[in-house]
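>>> just a sequence and a predicted model for now, questions to come.
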Amino acid sequence: MQQYHVSFRGVQKSYDGIRLVVKDLNLDIEKGEFVTMLGPSGSGKTTCLMMLAGFETATHGEIYYNGRPVNDLPPHKRGIGMVFQNYALFPHMTVGSNLAFPLKVRKQPRHEIDKAVRDALDMVQMGEFIDRYPGQLSGGQKQRVALARALVFRPELVLMDEPLGALDKQLREQMQYEIKNIHQRLGVTVVYVTHDQSEALTMSDRIAVFEDGIIQQIAPPDDLYERPDNSFVAQFIGENNTLRGTVATIREGVARVRLEDGQMVSALAVNVDTDGIPTLLSIRPERVAINPDEAKMAQTVDGHVEQLIYLGDHIRCRMTVAGNSEFIVKIPNAGGSGMLEVGQDVRIGWLTEDCRALDAQ
Amino acid sequence: MAQHTTADTSLREKLRRAERRRKIQAGTLIGPLLLLMLIFYFIPIGMMLYRSIDNSRMREILPNTARALAHWSGESIPGEEAFAAIVRDMKKAYPARTLATAGRRLNFDQVGFYSLLLKSGRKIKKIDGPPYRDKLIKIDKKWGDPAYWTVLKRGLRNITWMYLLRALDLRYDTQNRVVGVPEEEAIYVSIILRTIYISLSVTILCLVIGYPLAYFMATSSASVRNLLMIGLLLVFWTSLLVRTLSWILVLQDKGVVNSFLLWTGLISHPLPLVFNRFGVYVAMTHVLLPFMVLPLYSVMAGIPSYYVRAARSLGATPIAAFFKVYTPMTLPGIGAGCLMVFIQALGYYITPALVGGPKDQMVSYFVAFFVNERVNWSMASALGVVLLVMTGSFYLIFGKRVNITNMKLG
């Protein structure tokens, strides 16, 4: 067995003895990886992070860190850095003392502490704030200090619990970039929890999508977006069009699906396996073409334009397709493509491999 | 431009009018309280403070003497006219029985003055003409001692520092210099020190008992917390006297504790648990505990759990996280609680009076003693001033400290 940096093996967690918040979690994380746990609130992602940090005990199963089971290891002996959602900077200490704290409890010599603190603050461009108190800093500055504090004692693993949740959009994007930079520079393993999918897509090597205490899919961002395993992932990540239908036949991984209005289309059979079962087809809005070349686009259906929204670089077209009035098509604003009008009936099409037949939930 | 200015002034005027209404509203709301405080709090305290230095009564009793001694240098005994004046005053004051009042006051400064005045008063009728000096000295030769005249002149000033000085174990000597009183008379400084010592001990006891309790309340579930809160507030719902007396029942020789210990055979004679310092500590700590727990609890309840978690994740043991991160964040609560308990303890009277022995009485006890038993309001006021100044300075010193540590959280 390959030794992973972090492994969850059959981990379960229940708070009340009735309901499982985390159901049978299996997850392996390699050294230096940036793994994001993504999911709606209450999906169990934060609980998993807290179990890894040692603040919650697993009800069942084992967690390994560096090949060692850590279930009974208290948090302070794990040596895992952590960034909290509310920064958790100690308000009665200066920025410098906050950073020196993990080194002092490790009884490092004074001059080493000073140097490490200065280096860590310089890394996040907060060197000049060393004597300030957290109460005197802005949200973004606090976040940088919290990040520096989680890294100053050189942990091999850093956990981040929605660290950018309290920041505004612009600052958040800037910090995403900086965190990613630091991750690449230091080579630490990062386990990041967020409910913001764009944040997850931007930063992660792999994303674990959580729902109802189960990892629905774990994959690199592009896989997750382009090849979702089930309809929850397809709808949770990015914008997605769904069409309901019934599987007629499955042949060589391609399903023929009868839509609700009787039209027949082909789709990749992702998690449908028998004929006659209901399915949900998933097509990304940017993969739909208007009035396609029927020779190239195997799958064409009728659509009725309901609404057009001009968005500069593209035009968002809402249309009714096979009974779904929320079908979105993104039309690139390539000039001369302003031929659509509201109320118009058009032919739309897509490639078979862009349409995935998923579970009907 | 001109238009601009008029607009400005009218805006300012509007603002002032709007603000004025708000001020009147605020004034109406707090007005009754201010009036109440003025009448029943500030004025009585002001009168009390003045009482400790007010000496105008003496001039009313011995007006002629006061006038005659106004220009006396104090080097030798005064001249004939001073003797004439005091004889005239005494002739009037003795039958009016005010001479005894003056005597008591002067006796406080110089022992023997009371009997000197009364003895002279009794015989004053015999003096029917000059030379007053010789005749008065004949009645009592103390009248020939300049020291007594110095005391008399000092005692006839409108304002006297004698009581305040005495409250600090100080007095004037015959040359009007401030000196310490003889050792056997010095009691107040040790009482003040005892008051501070007892208050400090009670504060520390309250902190030691109250801190874990407040922590437990802040971290336990809502139902447990409510139960504890009711238990704590129960103290407020029973009268101070009842609470104190019940401690006597519990701690006395035949009380619950001693009976139990005797029954178990751990002791063969009852332990002295009450009417001593131990009883004072127990009863005062019990009474003052809520004043420690409530501010501590309110501060602790506002500290999110992630601070301690952060400390643990950074490598601190549970104990280090508690003392290096949690405790410093509760400093505002510790400061407020200690200050409240300490300041209240300084003025405690009933509890030590009931459960303490003679050596456990605090300054307030002596205030009551001078009012009720000695009918010496001036001395009572002087001790009151000492207590007030003590409390005020502790408040200023530590109140400021508490504010310094009370930095913005988060």
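Arrived safely.
>>> how many neighbours does whichever residue of the stretch 151-300 of chain B sits closest to chain A have?
As assessed by C-beta to the nearest C-beta, chain A sits closest to residue B:299 within the stretch 151-300 of chain B, at 12.2 Å. C-betas here are computed from N, CA, C, even on glycine. Residues lying near residue B:299 (other C-beta atoms under 10 Å in any protein chain shown) number 22.
>>> around the spatially closest residue to it that is not a sequence neighbour, how many other residues sit close by?
Residue nearest to residue B:299 in three dimensions, not counting chain neighbours: residue B:333, with 3.1 Å by C-beta to C-beta, 6 or more residues apart in numbering or on different chains. Neighbour count for residue B:333, taken as other C-beta under 10 Å: 27.
>>> residue B:333 and residue B:298 touch, don't they?
Yes: if you go by C-beta atoms under 8 Å, residue B:333 and residue B:298 touch, sitting 6.9 Å apart.
>>> next, the residue nearest to residue B:299: secondary structure please.
helix (DSSP: H, G, I helix; E, B strand; the rest coil).
>>> pLDDT score for residue 92?
I'll assume chain A. Residue A:92 is assigned a pLDDT of 90 by the prediction.
>>> the intended chain is chain B.
89.
>>> residue contacts, it?
Contacts of residue B:92 were listed using C-beta atoms under 8 Å, 6 or more residues apart in numbering or on different chains, and none were found.
>>> what of residue A:98?
A:89-90, A:134, A:145, A:149.
>>> measure how buried the nearest residue to residue A:187 once chain neighbours are set aside is and give me the count.
Nearest residue to residue A:187, sequence neighbours excluded (C-beta to C-beta, 6+ apart): residue A:32, at 5.0 Å. Other residues within reach of residue A:32, judged by other C-beta under 10 Å, total 15.
>>> can you check the one 4 residues further on too?
Neighbours of residue A:36 under the rule other C-beta under 10 Å: 27.
>>> which of the helices or strands spans it?
strand A:34-38 (DSSP states H and E).
>>> and that strand, what's its mean pLDDT?
pLDDT averaged over strand A:34-38 gives 94.
>>> show me what it is packed up against.
When contacts are defined as 3 or more C-beta pairs under 8 Å, 6 or more residues apart in numbering or on different chains; DSSP states H and E, strand A:34-38 packs onto helix A:45-53, strand A:189-194, helix A:197-203, strand A:206-211.
>>> so residue A:288 is in contact with residue A:241, correct?
Yes: shown here, residue A:288 and residue A:241 form a contact pair, counting by C-beta under 8 Å, at 7.3 Å.
>>> with neighbour numbers in mind, choose between the two.
residue A:288 (27 against 22).
>>> tell me what the nearest residue to the more buried one once chain neighbours are set aside is bridged to.
Closest residue to residue A:288 apart from its sequence neighbours, by C-beta to C-beta, 6+ apart: residue A:329 at 4.5 Å. Under the criterion DSSP bridges, residue A:329 forms beta bridges with residue A:317.
>>> count of residues packed around residue A:329?
Residues near residue A:329, counting by other C-beta under 10 Å: 25.
>>> list the contacts for it?
Going by C-beta under 8 Å, 6+ apart, the list of residues near residue A:329 reads A:285, A:288, A:290, A:303, A:316-317, A:319, A:348.
>>> out of those, show me where the pLDDT dips lowest.
Per-residue pLDDT puts residue A:290 lowest of the contacts of residue A:329, at 83.
>>> from what I can see it touches residue A:340, true?
Yes: with contact defined as C-beta under 8 Å, residue A:290 and residue A:340 form a contacting pair (6.9 Å).
>>> joint contacts of the two?
By C-beta under 8 Å, 6+ apart, the residues touching both residue A:290 and residue A:340 are A:317, A:331, A:346.
>>> select only the buried ones of these in PyMOL?
A single PyMOL command is used to select the members of the shared contacts of residue A:290 and residue A:340 judged buried by 16 or more other C-beta atoms under 10 Å in any protein chain shown:
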select buried, chain A and resi 317+331+346
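>>> dump the shared contacts of residue A:290 and residue A:340 to JSON lines, plus distance to residue B:30.
Converted to JSON lines, the shared contacts of residue A:290 and residue A:340 look like this (distance: C-beta to C-beta, whole Å):
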{"residue": "A:317", "distance to residue B:30": "65"}
{"residue": "A:331", "distance to residue B:30": "67"}
{"residue": "A:346", "distance to residue B:30": "73"}
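>>> now the residue nearest to residue A:187: how far from residue A:186?
9 Å (C-beta to C-beta, to the nearest Å).
>>> now residue B:10
64 Å.
>>> compare the two (neighbour count), which wins?
More neighbours surround residue A:186 than the other of residue B:10 and residue A:186, with 16 against 10 (other C-beta under 10 Å).
>>> need phi/psi at that one.
Dihedral angles of residue A:186 (phi, psi; degrees, to the nearest 10) stand at phi -90, psi -20.
>>> equivalent analysis for residue A:360, please.
According to degrees, to the nearest 10, residue A:360 has phi -90, psi 10.
>>> residues near it, how many?
16.
>>> which residues sit in contact with it?
Contacts of residue A:360 (C-beta under 8 Å, 6+ apart): A:231, A:244, A:277-280.
>>> who in chain B is up against chain A?
Where chain B comes near chain A, counting by C-beta under 8 Å from any C-beta of the partner chain, the residues are B:304, B:306-307, B:309-318, B:320-321, B:324-325, B:328-329, B:331, B:405, B:407-410.
>>> swap in 6 Å and give it another go.
Contacts of chain B with chain A, taken as C-beta under 6 Å from any C-beta of the partner chain, map to B:306-307, B:309-310, B:312-317, B:320, B:325, B:328-329, B:408-410.
>>> flag the shaky bits of the chain, pLDDT-wise.
Went with chain A since none was named. A:1-2, A:335-338 (pLDDT under 70).
>>> my question was about chain B
Judged by pLDDT under 70, the stretches of chain B that qualify are B:1-8, B:402-410.
>>> pop the domain breakdown of it in here.
If you go by automatic domain parsing, the domain ranges for chain B are B:1-51, B:57-160, B:188-405.
>>> got the residues of chain A near chain B?
A:53, A:55, A:75-76, A:82, A:84, A:86, A:88, A:90-92, A:101-102, A:105-106, A:135.
>>> I'd like to know which of these is nearest to residue A:4.
If you rank the residues of chain A next to chain B by distance to residue A:4 using C-beta to C-beta, residue A:53 comes first, at 17.4 Å.
>>> which stretches in the stretch 251-361 of chain A count as strands?
A:254-259, A:264-269, A:278-283, A:289-290, A:299-310, A:314-321, A:324-332, A:345-350, A:355-359 (DSSP state E, counting those that start in this stretch).
>>> pretty sure residue A:209 sits against residue A:233.
Yes: counting by C-beta atoms under 6 Å, residue A:209 does reach residue A:233; the two are 5.2 Å apart.
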